[in-house]
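*Asks:* can't give you the sequence, but here's the structure:
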């Protein structure tokens, strides 16, 4: 249990800047998830906290102690790697006990701690096996066990589930969530999977090109994104982002916009800051699940021509163009199957639309 | 992809040709060492021995210093291989792990040692060893053998270390293992095939080394097999039986070393570590 504080931390490889100077505080007991597209620097950031990568600038403190120049083993952190990184020639027991042995714990104590961790992770029956005799999920459990036994101040996870198949991923996700609840430890978790981020995190950091785009609870990021990147990254299918013109404001702090692609004019969009100077061009954002299909005869905001329907069983999505980039996507009630070419009326659920400036910042 | 039957036949024929190329001389030496002298020099050579005798071996071990040469060779080669490993493992690991200025340059330079034929350095080395009082000692041979095996051994071990997924080493660092412990407990067990290959390489090059052994060693009691054995072959006549028996016995330790170390040549050591 410890606060992890990054102050002005940056990283360059030669002349390439991969992490811009950034500040981030992970509170004690928090489950902080760092998400972002591949190459955004999230793994590098985690590896700097672990001490596997030096920082080019700034400082890292864990539990109030500056660890910037310290060896990984002196930082009180433990890490689960994407590739498990087990010692292949050692038994599960020895894999988990290695760190304890290095810390100078006597054999009897090591055995007690390993047994306890094995119990938590249901690995008791596998203690004498070698990693190659285990399934992927079991291997990842051993990797997690190796971190638990050391009782670190901060747990670090570097995409721990991306090597597992879909079913196992869900199962391990639940186990990690349970583990966090039981240990109430500080965890920093890197992933590119927004479902993992949304389900596990107490707070999420969205990273792009080495910059923090937004930090907040999953719900904050979903309902109140700072920019089009976060709006597009969180939520699946992603938010519809459509070019619009601002025509004015109303007296309730809404911007009035025309959206030519939807054939809509004078639509009222809530503003984060009603006093802001509005540009004439803007981006109108609305999530597929916030578009409500209207009954016949009811007043609708616009209609979409059905081009393609994706039926996932639990949800149905309508696309008005065949390619995802150009299409506006709307969620339909379960069991609805409009035919291609059908015109379907929609209205926007109250208060669920967003306006962004042309450079992507939330208005 | 399935191979056609005729293609298979070509492959098998090719394989048999090379097996024969390597295997036949061995067979000739070993089987010949058990033939009586008349059969060895018979006008029509026999593929399979028509006679059987141990007289050549008896003569070799009783009337020559072959036993002494064998022991000398074993001592020199084993020590050379052992010291080569002792130095090459940490050096290879350092070249792989430590970041220091000019690392890549040094790494390439060490292979320059092979640019010079041993005969070129023979005379200056002899002078140096004479000053150090090392001429006519087996120590001199060990030093020379290690010096010549080391560059290749370091070079090869570094690539073996580099083939270990880096996360394994990082996990060990996070677990608090000091570099030498990580090397001993994690890296060496995982590079066992490479270490075995280097051991065999160092042993065999020492075992067959002739030039330095013939110059540095003066007394008969310290000769190794290649030099000592060449003395057994007379200047004006060749005792073929003795020669073949000696050659057969010289092969034996190498075969034993291969059989013994060969079990480290296992693949899939890192299986289960990642993915």
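*Replies:* Thanks, I have it. This one's a predicted model, so the numbers in the text were calculated from it and none came from an experiment. Numbering: from 1, shown residues only, chains lettered A, B, ... in the order given.
*Asks:* which residue ranges of the chain form helices?
*Replies:* I'll assume chain A. A:42-50, A:92-102, A:107-120, A:136-148, A:166-183, A:194-200, A:218-223, A:228-233 (DSSP state H).
*Asks:* nope, chain B
*Replies:* B:5-32, B:37-40, B:55-63, B:66-97, B:103-109, B:118-131, B:138-162, B:166-174, B:179-181, B:188-190, B:192-208, B:211-216, B:225-232, B:240-261.
*Asks:* what sits against the residue lying closest to residue B:70 once chain neighbours are set aside?
*Replies:* Using C-beta to C-beta, 6 or more residues apart in numbering or on different chains and skipping the chain neighbours, the partner closest in space to residue B:70 is residue B:225 (6.2 Å). (C-beta placed from N, C-alpha, C; glycine too.) Contacts here follow C-beta atoms under 8 Å, 6 or more residues apart in numbering or on different chains; on that basis residue B:225 touches B:66, B:69, B:70, B:72, B:73, B:207, B:246, B:250.
*Asks:* what parts of the stretch 1-150 of chain A come near chain B?
*Replies:* Residues of the stretch 1-150 of chain A found near chain B (C-beta under 8 Å from any C-beta of the partner chain) are A:50-52, A:71-73, A:77-79, A:81-89, A:98-99, A:102-103, A:130-134, A:136, A:139, A:146, A:150.
*Asks:* now those: which count as buried?
*Replies:* A:50-52, A:72-73, A:77-79, A:81-89, A:98-99, A:102, A:130-131, A:134, A:136, A:139, A:146, A:150 (16 or more other C-beta atoms under 10 Å in any protein chain shown).
*Asks:* can you list the contacts of residue B:225 in TSV and add pLDDT, neighbour count and distance to residue B:49?
*Replies:* TSV is the format used below for the contacts of residue B:225 (pLDDT from 0 to 100; neighbours: other C-beta atoms under 10 Å in any protein chain shown; distance: C-beta to C-beta, whole Å):
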residue	pLDDT	neighbour count	distance to residue B:49
B:66	86	22	22
B:69	91	25	26
B:70	91	20	24
B:72	93	22	31
B:73	94	26	27
B:207	93	23	27
B:246	89	27	18
B:250	89	19	20
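*Asks:* ok, these vs chain A, which is closest?
*Replies:* Nearest to chain A out of the contacts of residue B:225 is residue B:207 (C-beta to the nearest C-beta; 30.3 Å).
*Asks:* pLDDT below threshold where in the chain?
*Replies:* Since you didn't name a chain, this refers to chain A. A:1 (pLDDT under 70).
*Asks:* think we crossed wires, I meant chain B
*Replies:* B:1-2, B:234-236, B:265-275.
*Asks:* residue contacts, the residue nearest in space to the middle of it?
*Replies:* Chain B has residue B:204 as the residue nearest its centroid, 1.5 Å off, counting by C-alpha atoms, centre = their mean. Shown in contact with residue B:204 (C-beta under 8 Å, 6+ apart): B:254, B:257.
*Asks:* next one: it from chain A, what distance?
*Replies:* Distance of residue B:204 to chain A, computed by C-beta to the nearest C-beta, to the nearest Å: 27 Å.
*Asks:* same question for residue B:193.
*Replies:* 12 Å.
*Asks:* my read: residue A:274 touches residue A:253, true?
*Replies:* Yes: in this structure residue A:274 lies within contact range of residue A:253 using C-beta atoms under 8 Å: 3.4 Å.
*Asks:* pretty sure residue A:43 contacts residue A:190?
*Replies:* Yes: using C-beta under 8 Å as the test, residue A:43 is close enough to residue A:190 to be in contact (5.7 Å).
*Asks:* which one's more surrounded, the two?
*Replies:* residue A:190 (27 against 21; other C-beta atoms under 10 Å in any protein chain shown).
*Asks:* tell me what the more buried one is bridged to.
*Replies:* Legend: beta-bridge partners of residue A:190 under DSSP bridges are residue A:34, residue A:158.
*Asks:* mind listing what it touches?
*Replies:* Contacts of residue A:190 by C-beta under 8 Å, 6+ apart are A:33, A:34, A:35, A:42, A:43, A:45, A:46, A:157, A:158, A:159.
*Asks:* pick the one among these closest to chain B.
*Replies:* Using C-beta to the nearest C-beta, these come closest to chain B at residue A:158, 8.9 Å.
*Asks:* burial count for the closest residue to residue A:189 other than its chain neighbours?
*Replies:* Spatially, and ignoring its direct neighbours in sequence, residue A:189 is nearest to residue A:157 (4.2 Å; C-beta to C-beta, 6+ apart). Using other C-beta under 10 Å, residue A:157 has 26 neighbouring residues.
*Asks:* so what's the residue lying closest to residue A:291 once chain neighbours are set aside bridging to?
*Replies:* Nearest residue to residue A:291, sequence neighbours excluded (C-beta to C-beta, 6+ apart): residue A:330, at 4.0 Å. When bridges are called by DSSP bridges, residue A:330 pairs up with residue A:318.
*Asks:* next, the distance between the ends of stretch A:101-110.
*Replies:* Terminal residues of stretch A:101-110 lie 7 Å apart, using C-alpha to C-alpha, to the nearest Å.
*Asks:* list the contacts of that stretch.
*Replies:* Against stretch A:101-110 from outside (C-beta under 8 Å, 6+ apart): A:73, A:97, A:100, A:113, A:150, B:175, B:176, B:177, B:178, B:181.
*Asks:* out of those residues, which are buried?
*Replies:* Here, 16+ other C-beta under 10 Å leaves A:73, A:97, A:100, A:113, A:150, B:175, B:176, B:177, B:181 buried among these.
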